[in-house]
Structure formats: structure tokens, C-alpha cells
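*Asks:* got a predicted structure plus its sequence, pasted below:
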Amino acid sequence: MLNKFFSTADCYAGSCFLCRFEPLIMKKYFLLLFCFISWRTPTKAQTVPDSLVEEISIMNDSSSLQKKLFILTDNSGRSNINNLPAEDFIPLQVYRHNKSSLSALILHPFYLRFTCSNNSDKPVSFYFYPGLFYSRSEIYRATATGTPELIPKDETHGVFQLIRMNAGEKTQFTALLQSDRSGRNSINPQLINSEYLEKYRILQYDQGSDIKTVGFIFCGVLLMMVLFMGTSYLLNKRKEYLYNCLYSFCMFLLVLMYSLLSKKGSTLASFFYSYLDLVVLMAGLIFYIAFTRKFLNTKVNYPLLNKLFKVEELVLVGLLVFFSIIHFLTPYYKIEWAIGYVMKFIAIGLGIVYIVIAIRQKKNKLLYYLAAGNAFSIIFSSIALTLIILNIRPVNLWTSSLFYTELGIVLELIFFLYGLAYKNRSELIERTRMEEAIKLETEKQTFERQLAVLQAQQKERNRISADMHDDLGSGMTAIRLYSELAKKKITSPMPEIDKISSSADELINKMNAIIWTMSSSNDSLGNLVAYIRSYALEYLEDKGINCTINIDNKDPNLVVPGIIRRNVFLIVKETLNNILKHAKADKVEINYTETPGLLKLTIQDNGVGINKNSLREFGNGLKNMKERAESIGCNYFISNSNGTLTTLQYQYKEV
């Protein structure tokens, strides 16, 4: 961040006001002596030696007036254009040699006097060009009456002032100049041939074209960042995006104005370099601080740093107001410059704070990106500042302090984009985790509600089974007991009493089966297998059929819900009933096996087998058994295999 804050009045031209004046060299000391002697005689119209007269008729394209200028400063403010003939001008070279500082020329107007002659036999037109950064420029022509005549301005050519001289004319001209307060100026007026003016302006503007080209490229990059951050703000309504958009816009505006106004002498350029560039920079810094507070959430994560940033924002706003008051309402330009440098050093301190915090917060990658951007900013600002201090002119891209200024701005924003991408990715991951946690919590609550319902249902089933066992079971047992007692008391046989006793026994067995399926304490594979074994042995033993049961139960604790146990038991019960009715068998073998991915139950008898043509004799029994098997996800098969083979199997995926 540091380099952009040394690009205000310092970076582009490459030096301050004082440094731009070229020092005298030894081989020109004789000229100084001559100028000094000339200075002892007041310079008035038509009294200048021929060696200090600019001959317009032989000027090719342009000519510098550096060595032919006389200067008069108006530090007291008492001079005016009418009494100038009575004033003593001194050679510009002598003035530079005797004065330790030329910064006084910023505060007060000053006058430059030069003499031109046209020794040709035709009128000549040429332009006077004072320089880039002047807030006031007027040209006066000496007259025979002694009162200088103001030459009207030609506004179509901006700061280039048109002057016409007749054939054989020799005239003294006086330029009244007022420098702007940017501290970037130099005294090097030019005379330009009227036919060469357009080419001169083009060549002047094209100086450092590579720097301007790079500047426009950087402008494109910064504009993309402005559009990106603006779009992000419109989509997300997050203030950090808005603040960074405004910061990027300030940097874009700054680089654009530097590229557009470079080498252009205009009121806008003077206002920009003397005032507006620093205001835009400080506004960008204020937006950057506001963005940082939101981006790092300093209010929560770094309370002390948050207070420091707030104080910096208030101080910068106050300094900007004070700077504007000094600039527009007072002549104290040195105070104005001091305020500018105070704001720059605040910017330096802010950059150092980022780096220090990043070093201390070793695991905060977000701070690393901001610190890296500020580190590059400081590096390139040091390069730019070195070029300024060494007074190196920007003859190419690599000697331009502005290039390093703009490069630092762009690199800082690029690292910010990396930080933004990292933050967005982190927030996306965190948001996904939160959504997954909420989803899991919702699923957990749904499961708990379903479990509560199932537990309530199972509790109700247990209650019903207990009531059936206690109430209906005791009632049916009493009926069976009374029927047996009645049979003993009656001497003659009564088949109705036998049916009552038989029905009571059958109803008790069915009720016990229902109670068994409803009770949650029986929800295991081992219990199911044991119940089938007990029922089959008891059922077939009374009918004179030998029953063999082979059990390979490797996981007896496997949970089997009541609905599955009930359907499996009913299929086994119906199969045994069919064997008893139709198979004419005297032997039954029941096998249960477990293999990976398969549970299998087979019932094999040694009866007559199944005749496909007589399957209808079984009625809906086989159809019902197959439907029961399919309802619980099992496969049901019946075939002839030395009798009848009934197979019930369940396939599952191993975890």
C-alpha cells in the first residue's frame, strides 16, 4: 500500500520543485559572470545585449529560453505589470545560483522577461509555452508608451500563447506566471514555431508512451476489479465488497488521471496534481481501512486493531478537511505539504501493522495475503522513492517512479483477490459444514420422532400382547378346561364338546403366535429360529411325522422386526400344514443356513411331491405364501426333489 501514497506530488515528474532546476556546470561560469554584469544595469525594453535576444526568423521548430530569461519575484505582492519597467530583473541563471530555495515562487506570482527579434522581411508567428503546472499565465508586450500591452489568449491552444511579430521588429516580452501548489514545476519556457505546434504537442504527449501504455493496461485491470467487486456487492450485499469496490475505483481513477494528464498543461492537470490526487489517495485509504475492518471482522477477531482503525479513519478525515482548508483558503503551502506527508506516513504505518499482525497470527492465511500485498507495495514504493530522491528522469519504463507506483497498486489488489478467493472458499466450506450439520440435526430429529412413534407403537403392541395373554389366554384356557370336565361328566359322547376343546386349543396356539410376533423382546434371528423349531417339533410330533431340524445360526442377535418374524412363521406354518394334508410324508427335514449375503430356510419332505396339474388343490395357500415372502423382501420357491422342497431365502448386501 505504501507506494501508492508516494505517488501524489512526487512520483510522476520525478522530482520536487527545487530539484527540477538544473544546476550550473563549470564550463558555463563565464555566462554567469556576463549575466551578473548585465544585471547591474536595469533591463528595460530594447536594452538587452544581442546575445540574449532570441532571433525568431532563424528558429527551426522550437527554442528554449533558459539562458535568455530575466526574472523578477514578487514576494511582497507590491509589483504590478504597470510599474515593471522601473523594476530590476536579474538573469535567471544568477537567481538560481544565489537562491537556496525556489519554493517561494509557488506562493507569489513572478515575472519572466525575454526579448525576441524578427530580422526577416515578413511577419512571423510563434507560441510561448510556460510549462505544465501553472495556474496563471499571461504575456505582455512592451510598448513605446512604457505601459505593457496584454496579448489576448487563444483558448483553442490552451497554455500555448500565440505571439505575432512584424518584419524587422524587436520586442521585449514579459510573462506573468503563477505556479500551482503541487511542487512539480520548473522554469523552462519554450518558443515554438507555429507550424510545428501540433507536432510538438504530439511529441510532448508521447514522451514516456510506454509508461502510459502500461498505465492504461493497469487501468483495465483495476476497472475489472471495480466491476467484479461491484457485482459481488450487488449479489451478496456485503459491505466489505462495497468498500473494496470504492477503494479499487479510487486507484483506477488515480492511475487513469496520471495516464491521461501526463505531459498535459491544463487547469485540470494543475488541479489534479496539486490537490485532487492526494484527496483521491486518502479517500482510497479510508475505504481500504473500512474494507479491512469488515473483511477481517476486526470487531470480533481483533478488538484493539479495530479501535486503531477507527481512530485512523477519523484522523484521516480530519486531515483531509484541514488539508482542503489550507489549500483553498490560506497561502501556507508548506503546511499543506506537511499534512500530505503526515497522511503518507499514516499509510506506511498501516502497511507495517498488516505485516506485523500477519507475522503474529501464524495460522491466519487470510492475513498472509493482505500482508503479502502490503509487502510488495512497500518494496515498489521504496524503488519509486529512490528514483525520486536520486532525481532520475523517467526516460523509460524502468526509470519511471510512476510505473512502480502503479505496479504496487495492481499487485496489492491481485493479492487481495487471492485473499478473497481463499476467504470465499473457506466460507463456502464452513457454510457447507453448517448446512450438513443442520441437515444431520434435522434428520436426527426426524429419526428421533419416528423412533418415538415406533417405540410408542411397540409399547402399545406389548401392552396389547400382555392383555391378550392375561385376559384372553386365561379365558381360553378356562373354556378348554371346562370342556374337558364336561366330557368326563357326560356318559354319552358329544362331538360338540370335542370341537369346543379342539377349537380352544387351536385358538390358544394362534393367540400365542400373535403375542409372540407382537412382543419386541422376540425381535432377534435366534428367537425366530428357536420358535420355528419348537413349533415344528410340537406340531409334527403329534401327527406321527419324524422332524429333523438343522440350524446354522451364526448371528443369533441379528434384529428381525415383528412383521418379518410373523410372515416367516406363517409361511413355515402353512408349509407344514400342506405337508400334513397333501404330502403323505412321514419325514420332514428343516434346514437353516447362513452364507455371506444370503439367509436360507428349506423344508424338505419325503412325500409324493407336487403335481403341477393339481396345484389348484392348494387353493390360495401357495399364492399367499409367495406374496408374504415378497412383502418382506424374500424369495419363495417350491419344487419336486424326492418329495417337496420349499425354499425361502433372503439376499442382502454385505457392509
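*Replies:* Cool, the structure landed.

*Asks:* what number of residues lie near residue 244?
*Replies:* 29 (other C-beta atoms under 10 Å). No exception for glycine: its C-beta is placed from N, CA and C like everyone else's.

*Asks:* remind me what the helix or strand hosting it packs against, helices and strands.
*Replies:* When elements are assigned from DSSP states H and E, residue 244 belongs to helix 239-261. Contact here means 3 or more C-beta pairs under 8 Å, 6 or more residues apart in numbering; DSSP states H and E; on that basis helix 239-261 packs against helix 209-236, helix 277-295, helix 401-467.

*Asks:* the host helix or strand of residue 198 to helix 209-236, inter-axis angle?
*Replies:* Here residue 198 sits within helix 197-206, counting by DSSP H and E. Interaxial angle, helix 197-206 versus helix 209-236 (axes from the mean of the first three to the mean of the last three C-alpha atoms, to 10 degrees): 60 degrees.

*Asks:* so helix 197-206 versus helix 239-261, what angle?
*Replies:* Here the directions of helix 197-206 and helix 239-261 differ by 140 degrees (the same axes, to 10 degrees).

*Asks:* so what touches helix 197-206?
*Replies:* The contact list for helix 197-206, computed with C-beta atoms under 8 Å, 6 or more residues apart in numbering, reads 61, 62, 127, 157, 160, 192, 262, 263, 264.

*Asks:* what do you get for stretch 529-537?
*Replies:* With C-beta under 8 Å, 6+ apart as the test, stretch 529-537 has contacts from 513, 516, 522, 547, 549, 551, 553, 556, 565, 568-569, 572-573, 576, 588, 590, 592, 601.

*Asks:* how far away from the center of its chain is the helix holding residue 198?
*Replies:* Computed by C-alpha atoms, centre = their mean, to the nearest Å, the chain-centroid distance of helix 197-206 equals 43 Å.

*Asks:* could you give me the buried positions within it?
*Replies:* Within helix 197-206, the residues scored as buried using 16 or more other C-beta atoms under 10 Å are 197, 200, 201, 204.

*Asks:* you'd agree residue 411 is up against residue 374?
*Replies:* No. In this structure residue 411 lies outside contact range of residue 374 using C-beta atoms under 8 Å: 10.1 Å.

*Asks:* which of these two has more residues huddled nearby?
*Replies:* Per other C-beta under 10 Å, whichever of residue 411 and residue 374 has more neighbours is residue 374, with 24 against 18.

*Asks:* the closest residue to the more buried one other than its chain neighbours: neighbouring residues, count only.
*Replies:* Among residues not flanking residue 374 along the chain, residue 351 sits closest, at 4.2 Å (C-beta to C-beta, 6 or more residues apart in numbering). Residue 351 is flanked by 23 other residues according to other C-beta under 10 Å.

*Asks:* quick one: residue 351 and residue 377 touch, right?
*Replies:* Yes. Using C-beta under 8 Å, residue 351 is in contact with residue 377, at 6.2 Å.

*Asks:* show me the residue at the heart of this structure, geometrically.
*Replies:* residue 420 (3.0 Å; C-alpha atoms, centre = their mean).

*Asks:* so how far is residue 313 from that residue?
*Replies:* Using C-beta to C-beta, to the nearest Å, residue 420 is found at 22 Å from residue 313.

*Asks:* could you export stretch 121-135 as CSV, CA atoms only?
*Replies:* Extracted in CSV, the C-alpha atoms of stretch 121-135 (Å, rounded to 0.1, in the frame of the first residue of the first chain):
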residue,chain,number,x,y,z
ASP,A,121,11.1,40.6,-44.3
LYS,A,122,7.8,39.0,-43.4
PRO,A,123,5.7,38.6,-40.3
VAL,A,124,6.4,35.6,-38.0
SER,A,125,4.0,33.8,-35.6
PHE,A,126,5.2,31.6,-32.8
TYR,A,127,3.9,30.2,-29.5
PHE,A,128,5.1,30.8,-25.9
TYR,A,129,4.9,27.7,-23.7
PRO,A,130,5.5,28.4,-20.0
GLY,A,131,5.4,24.7,-18.8
LEU,A,132,2.9,22.2,-17.4
PHE,A,133,1.8,23.3,-14.0
TYR,A,134,0.9,26.9,-13.9
SER,A,135,-2.4,28.2,-12.5
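
*Asks:* show me what counts as buried in it.
*Replies:* 124, 126, 127, 128, 129, 130, 131, 132, 133, 134, 135.

*Asks:* nearest to residue 48, of those?
*Replies:* Checking those against residue 48 with C-beta to C-beta, the nearest one is residue 128 at 16.8 Å.

*Asks:* so for the strand or helix carrying that closest one, mean pLDDT?
*Replies:* Using DSSP H and E, residue 128 sits in strand 124-129. When pLDDT is averaged over strand 124-129, the result is 93.

*Asks:* contacts for it?
*Replies:* Strand 124-129 has contacts (C-beta under 8 Å, 6+ apart) with 56-57, 59, 118, 139, 157, 159-165, 173, 175, 189-194, 197, 265.

*Asks:* tell me what angle whichever helix or strand comes after it forms with strand 124-129.
*Replies:* Counting by DSSP H and E, the next helix or strand C-terminal to strand 124-129 is strand 134-141. For strand 134-141 against strand 124-129, the angle by the same axes, to 10 degrees is 150 degrees.

*Asks:* strand 134-141 packs against which elements?
*Replies:* The contact analysis (3+ C-beta pairs under 8 Å, 6+ apart) places strand 134-141 against strand 149-150, strand 161-165, strand 170-179, helix 267-271.

*Asks:* rerun at 6 Å
*Replies:* On a contact count with 3 or more C-beta pairs under 6 Å, 6 or more residues apart in numbering; DSSP states H and E, strand 134-141 meets strand 170-179.

*Asks:* what about the strand it packs on, distance to the chain center?
*Replies:* Strand 170-179 sits 57 Å away from the centroid of its parent chain (C-alpha atoms, centre = their mean).

*Asks:* and that strand, what does it pack onto?
*Replies:* Short answer (3+ C-beta pairs under 6 Å, 6+ apart): strand 170-179 packs on strand 110-117, strand 134-141.

*Asks:* partners of the last one in the sheet?
*Replies:* Sheet neighbours of strand 134-141, with direction, are listed as strand 149-150 (antiparallel), strand 170-179 (antiparallel) (DSSP bridges).

*Asks:* pLDDT of that strand, averaged?
*Replies:* 87.

*Asks:* quick one: contacts of that strand?
*Replies:* 81, 128, 130, 148-151, 161, 171, 173-180, 270 (C-beta atoms under 6 Å, 6 or more residues apart in numbering).

*Asks:* would you mark the buried spots in it?
*Replies:* By neighbour count on 16+ other C-beta under 10 Å, the buried set for strand 134-141 is 134, 135, 137, 138, 139, 140, 141.

*Asks:* on that earlier part again, report the buried members of the contacts of strand 124-129.
*Replies:* Here, 16+ other C-beta under 10 Å leaves 56, 59, 118, 139, 159-163, 165, 173, 175, 189-193, 197, 265 buried among the contacts of strand 124-129.

*Asks:* residues near residue 320, how many?
*Replies:* If we define neighbours as other C-beta under 10 Å, then residue 320 has 18 of them.

*Asks:* quick check: it touching residue 282?
*Replies:* Yes. Shown here, residue 320 and residue 282 form a contact pair, counting by C-beta atoms under 6 Å, at 5.3 Å.

*Asks:* who's in contact with stretch 156-176?
*Replies:* Among residues not part of stretch 156-176, those counted as contacts by C-beta under 6 Å, 6+ apart are 45, 109, 111-115, 117-118, 120-129, 138-142, 148, 154, 265-266.
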